[in-house]
Every structure is written in structure tokens, then in C-alpha cells.
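Visitor: Need a 3D model of the sequence below.
(2 chains, ligands or ions: 2)
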Amino acid sequence: MGDLALHVRDHLVLSGCALALALLAGVPLGALLARLGAGREVLLGAVNAARVVPSLAVLAVMLPLVGIGFAPALVALVLLAIPPIAINTDLGLRGVPAPIVDAARGLGMSPAQIRSRVEWPLALPVVFAGVRTATVEVIASATLAAFIGGGGLGEYIINGFASGDVAQQLEGAVLVAVLALGADALLGLLERRFQRADGSQPDWGRQPG
Amino acid sequence: MEKPGGASLRLHGVTVRYRGRAAVDGVDLDVAAGEFIVLLGPSGSGKSTLLRTINRLVLPDAGTIEIDGRDAAAEPPEALRRGIGYAIQAVGLFPHLSVARNIAVVPELLGWGQARIAARVEALLALVRLDPARYRDRYPRELSGGEQQRVGVARALAAEPRLLLMDEPFGAVDAIVRADLQEETLRIHRMLGTTILFVTHDVDEALRLADRIVVLKDGCIEQVGSPLNVLANPATDYVAALLDSKDAVRRLQLLNARDALRSATARPEMAKGDDWPRVTPQATLREVLSVLLGGASRTMVANDDEVLGSLSFDDVRAALARTEG
Ligand SMILES: Nc1ncnc2c1ncn2[C@@H]1O[C@H](COP(=O)(O)OP(=O)(O)OP(=O)(O)O)[C@@H](O)[C@H]1O
Ligand SMILES: [Mg+2]
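Guide: Ligands and ions are numbered 1, 2, ... in the order given. Modelled structure (predicted):
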């Protein structure tokens, strides 16, 4: 594997791990937000605030706390990716129309059945849109991870910078853009499968899980 | 489709309070198996709240509800609800499920086999007059408002409930579609014998559908009676105003030509024949009136093969007068 390919691999591994962890944390956080009564505004405010903090600042804060390397870069990216996922999960779950939940209760679904058969399937496209946003943000921001020794294409660009190789810098930058846009397009295609031509969603109930 | 019949229902002292204020206030009501009851009242009179105590979507603060003689509170609420049909104005079809899967929801909850469910879906689509081949695999947003209501009714009937609760199920469709759906509901009621509790604030809808109308005001029952009885003998000024019972045309709609013939002066032999317009014995007196207003002095009441008599303005007026008192 060439130098460039190695950096692409590191970039994707870092982004992928960050997204996976952000999903594990963001979806339950969003679900909690949606169910929260009084404290909801506060928690939502905190999540939203986290959203506007620049990733570079997060990285800067991470440096003294967790040191340098893969782990702190990962933590910073996870923090970056959680807000869009959590906020969209909250939006999706709360966007389920009340009459539909009422009908589900009236037909005799248990609270657990209402969640798994009605609320989550209906929220899923919105949650997915949040994941898509998070993915683009993470792939783009993973470039900055190089500043705290996280590797990836950022490192490739910095190396080019150090050796005065403009072509290498450009190559790295273009590749980051291609990866981010490519992931966005791929997820967009997937998203369209959730949404049929007529605007309806496919039959979630038949799918396992 | 076999006839599952209807459940009997007994409400005793049912009371629901929201922040100290009674939304339903000590309601007593006995409903016989197979009856079609319409809960009628203005917005906020407690119709929906009362209806929802029956399937325990609302828990009453006081009172008891017996279905077929069994206390509804004794059963787990989910099991109770699966045995009671429920159709609402907002329809509440699941947008992510096809028509067939929407209808199959309760049978699936009850663990029916695939083949039985598929057969049931076909039968129900036919019952609500939607061609199964065309509609089975569509999604709710591919249906008109009226078609959605039909699917909502089919879904409510899916597990052969003996009791059906309908909360303004036709509120969101235009007058023509609504009349059509009312007709279908009556046909299904006759066919299946299901006990129906139907909420509306549309007086004409109530008069058209009900065996008995329950008039509600501020959570209390104001009057219970047959449409004609409530219309002709309103118990209170409130009922009279709500039903606009001075409106004679409304009452004419509830009487038919056969009723009027009983007091009619004209006998079959007096039916002069072809120059009088004909109506069927089932024609409402409103239709008879409109025929008479067309210029004829009398209208003939006849089946295909038999002349039963004839009616004049005076006969119509006499029939109307007999409903009062
Ligand atoms: N969940 C609730 N919390 C507080 N008050 C409620 C609730 N549900 C109903 N009410 C109140 O109870 C009263 C009866 O409401 P209900 O919905 O039963 O009326 P309705 O006769 O069905 O009216 P409509 O024709 O508008 O549907 C109203 O004053 C309403 O504001
Ligand atoms: Mg209501």
C-alpha cells in the first residue's frame, strides 16, 4: 500500500470509528431528549451549544486532557458527531403525529410495541438524515486530527506542507472533499431507499430487528 | 363474512375529571347488543372522553364499565383494546405500512396465522368496497381521504370486534363522500350486528345513523332516545336548540311514505292512476313533499307490482303531527 492509500485508510478508520461511537451515544441521547419533559430545553440547549463549538477548538481542548494520538482525535470527532444525530433522533421521534400513536394505543399495542413498530420506523428517515450530516462533518473534520497526531489525510497534507510539495497538499485536500462528498452521495442513495417515489416509506415491519 | 354479533355495554356513574373539572359527569348508559348508539353534542361536551373510557384510553375517576357483563377494568388494557374496534377522525393509518398491513395490525398482535390474516384482509377490503387487487399494496398517502376512512374502518373491524367505537370517523371528508360512508356503515352494521358507539356533532349524521341518540352537554347526558323521539320531543331547550327540532323538514326525513299511509285518507282504490307521480313506500316524507311541491295534488305510493295508496299535503302534515306529543 502506498503512502496515500495508508493515509486514506487511517482517515476512514478514524471517521468510521467516530461515527459508530457517536451513533451508540447520540441515538439514545436523542431518544432521551424526546421523552424528557421539563429538563428537555436545558439538555437540548447543551447539545445545540456543542454543535457550534468549532472542531478545532474541541481538538485544542482535547490536547491537554487526553494528550495526542488516535484516541483524543476520536473523542473530538465523536463529540462533533453526536449533536446532529441526537437532535435528529429527538426531532424524528417527536415528529410522529399524535393521532398515529393514539391509534396504535387504541388498537391495543403495548408501549414497547408502539415504540418498535410505530415510533422508531417513522423516526428512522429523520435519524438517518442526521447520520448523513454527521458523516460529512466527521470526514471533513478528521483532517484536523492530524494536529493532535490522529493521522489520516490531514497528516498527508501537513507532510506535503513540510516538504514544500504543493501537489501533495492539493491531492490530500481534494481527496478529503471527494471522500466527504462521496459518503454524502452514498448515504443519499440509501436515504432515498427509505423514501419511495411516492414519498412513503418502505415496509419497516418486515425487516428484522 | 360470518356475523360476530354485538356486545352489550353498561356504563354506571362514569366520571372523568381534568384539573377538578368534570369532562364526563356521572354518565349512566345501557346499550343492548347490536345497537347503534350515536353520542351527539357540541365541541367540548365530553363525547370523545366518554368514548375513550370504554377502551380505557382514558381512565375514569369514578364509575364502572361493563362489556358483556364483565368489568372492563379487570382485563389488561391492551387485551381489552384488541377486542374493541376503534376508528378516529384523524384516521391514524400507519404511513409506513401498506393498506393490507395496516388492516392486519390487530390480527398480528393477536398472533393469527399468515393465511388467515391474508384472507381476512381480502374480505375486509371487499366489505368496505375497495378492490383488494388495487388497494392492498398501496400506502396511506396514495389514498384519497374517503379511501383512508374506509381503510380505517376496515382496520377497526379486522379482529371481528363485537363492539366498535367511532370518533367522528367521517369528519374530514366532503358531504357526498360522507353520505356514502354513512350508508356503508349502516350496511356493515346490519351485516355484522356489531354494537356501535359513534361520536359526532353533526345532527343529520346522528339522525341518519342512530338507533338511539345520546345527547351530551357539559359531560352529562341530556337526553337519550330514538332519533324521531329526540327530535319530536326534546327533553330540554338545549336539546331542542341543538337539534333545531322546529325544523320540520328534518323530521320528515325520518318518516317514510309507508308511515304516512296509516292515517292517509286516500285508499288504493282512490289512486287514480298514471297522472300522479309515484314514490316507493320507503321514500322519506321529505321526498314525498318535494314531489308534491312539484305540482301534483297527490302522490301515489307503490311497489313495483302493487299500489298501496296515495298521499296529499294534509297526509304529510298529519304524519308529522303524530310524531309530537
Ligand atoms: N387530556 C385532557 N386534558 C385536559 N382536559 C381535557 C383533556 N381531554 C379533554 N379535555 C377537556 O374535556 C372536555 C371534553 O373534551 P372532549 O374531547 O371529550 O370533547 P368532545 O365532545 O369530544 O369535543 P369535540 O367535538 O371538539 O371533539 C373539554 O373541555 C376538554 O377541554
Ligand atoms: Mg372529540
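
Visitor: how about the nearest residue to the residue positioned nearest the centre of chain A, chain neighbours excluded?
Guide: The geometric centre of chain A, computed from its C-alpha atoms, lies nearest to residue A:134 (CA atoms, centre = their mean), at 3.0 Å. Among residues not flanking residue A:134 along the chain, residue A:81 sits closest, at 4.0 Å (CB to CB, 6 or more residues apart in numbering or on different chains). (Glycine included, C-beta is placed from N, CA and C.)

Visitor: residues touching the one you found, list them.
Guide: Counting by CB atoms under 8 Å, 6 or more residues apart in numbering or on different chains, residue A:81 touches A:18-19, A:22, A:26, A:134-135, A:137-138.

Visitor: State the distance from it to ligand 1.
Guide: Separation of residue A:81 from ligand 1 (CB to the nearest ligand atom, to the nearest Å): 38 Å.

Visitor: if we look at stretch B:7-21, which residues are touching it?
Guide: Residues outside stretch B:7-21 that contact it (CB under 8 Å, 6+ apart) are B:22-33, B:46, B:49-50, B:53-54, B:58, B:60-69, B:162-163, B:195, B:197, B:219.

Visitor: buried residues in it?
Guide: Applying a neighbour-count criterion of 16 or more other CB atoms under 10 Å in any protein chain shown, one finds B:7-11, B:14-16 buried in stretch B:7-21.

Visitor: Any stretches of chain B with poor pLDDT?
Guide: Low-confidence segments of chain B, defined by pLDDT under 70, are located at B:1-2, B:245-246, B:263-274, B:325.

Visitor: looking at chain A, which helix or strand does the model trust least?
Guide: Least confident element among the helices and strands of chain A, by mean pLDDT, DSSP states H and E: helix A:55-66 (a mean of 75).

Visitor: residue closest to the middle of chain B?
Guide: Nearest to chain B centroid, counting by CA atoms, centre = their mean: residue B:209, 3.6 Å.

Visitor: Cross-check the contact I'm expecting between residue B:209 and residue B:36.
Guide: Yes - with contact defined as CB atoms under 8 Å, residue B:209 counts as touching residue B:36 (6.0 Å).

Visitor: immediately after the helix ranked longest in chain A, which helix or strand?
Guide: Among the segments of chain A that qualify as a helix by DSSP state H, the longest is helix A:3-35. Later in the chain than helix A:3-35, the nearest helix or strand by DSSP states H and E is helix A:40-52.

Visitor: Can you list the buried residues in that following helix?
Guide: Applying 16+ other CB under 10 Å to helix A:40-52 flags A:44, A:47 as buried.

Visitor: I'd like to check the angle between it and helix A:55-66, please.
Guide: Computed by axes from the mean of the first three to the mean of the last three CA atoms, to 10 degrees, the angle separating helix A:40-52 from helix A:55-66 equals 100 degrees.

Visitor: if we can go back for a sec, CA atoms only for the least confident helix or strand of chain A - export them in PDB, please.
Guide: Taking only C-alpha atoms (Å, rounded to 0.1, in the frame of the first residue of the first chain), the coordinates of helix A:55-66 have been written out as PDB:
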ATOM      1  CA  SER A  55     -13.900  21.300  15.900                       C
ATOM      2  CA  LEU A  56     -10.500  22.900  16.100                       C
ATOM      3  CA  ALA A  57     -11.400  24.300  19.500                       C
ATOM      4  CA  VAL A  58     -12.600  20.900  20.600                       C
ATOM      5  CA  LEU A  59      -9.200  19.500  19.500                       C
ATOM      6  CA  ALA A  60      -7.400  22.200  21.300                       C
ATOM      7  CA  VAL A  61      -9.300  21.400  24.500                       C
ATOM      8  CA  MET A  62      -8.700  17.700  24.000                       C
ATOM      9  CA  LEU A  63      -4.900  18.100  23.800                       C
ATOM     10  CA  PRO A  64      -4.200  18.800  27.400                       C
ATOM     11  CA  LEU A  65      -6.900  16.400  28.600                       C
ATOM     12  CA  VAL A  66      -6.200  13.300  26.600                       C
END
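
Visitor: List of residues touching that helix?
Guide: Contacts to helix A:55-66, defined as CB under 8 Å, 6+ apart, come from residues A:72-73, A:75-77, A:79-80, A:137, A:141, A:144-145, A:147-148.

Visitor: Now do the same for residue A:196: its pLDDT.
Guide: Reading off the confidence values, residue A:196 has pLDDT 53.

Visitor: which parts of the stretch 101-250 of chain B sit against chain A?
Guide: Along the stretch 101-250 of chain B, the residues adjacent to chain A under the rule CB under 8 Å from any CB of the partner chain are B:101, B:105-106, B:109, B:139-142, B:155, B:165.

Visitor: For ChimeraX, what selects the buried ones among these?
Guide: Under the burial definition 16+ other CB under 10 Å, those of these that qualify are selected in ChimeraX by:
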select /B:101,105,106,109,139,140,142,155,165
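
Visitor: can you give me the strands for the stretch 1-150 of chain B?
Guide: Under the criterion DSSP state E, counting those that start in this stretch, strands of the stretch 1-150 of chain B are mapped to B:9-18, B:21-31, B:36-40, B:62-67, B:70-71, B:84-88.

Visitor: will you turn those into TSV that also has distance to residue B:190?
Guide: Supplementary listing: those in TSV, determined by distance: least, CB to CB, whole Å:
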stretch	distance to residue B:190
strand B:9-18	19
strand B:21-31	17
strand B:36-40	9
strand B:62-67	22
strand B:70-71	26
strand B:84-88	16
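
Visitor: re earlier: which of the contacts of stretch B:7-21 are buried? Put it as a PyMOL command.
Guide: Below is the selection syntax for PyMOL that covers the buried ones among the contacts of stretch B:7-21, with 16+ other CB under 10 Å defining burial:
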select buried, chain B and resi 22+23+24+25+27+29+31+46+49+50+53+54+58+60+63+65+66+67+162+163+195+197+219
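
Visitor: ok, back up a step: can I have the buried ones of the contacts of helix A:55-66 as a ChimeraX selection?
Guide: Buried subset of the contacts of helix A:55-66, written as a ChimeraX selection, criterion 16+ other CB under 10 Å:
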select /A:72,73,75,76,77,79,80,137,141,144,145,147,148
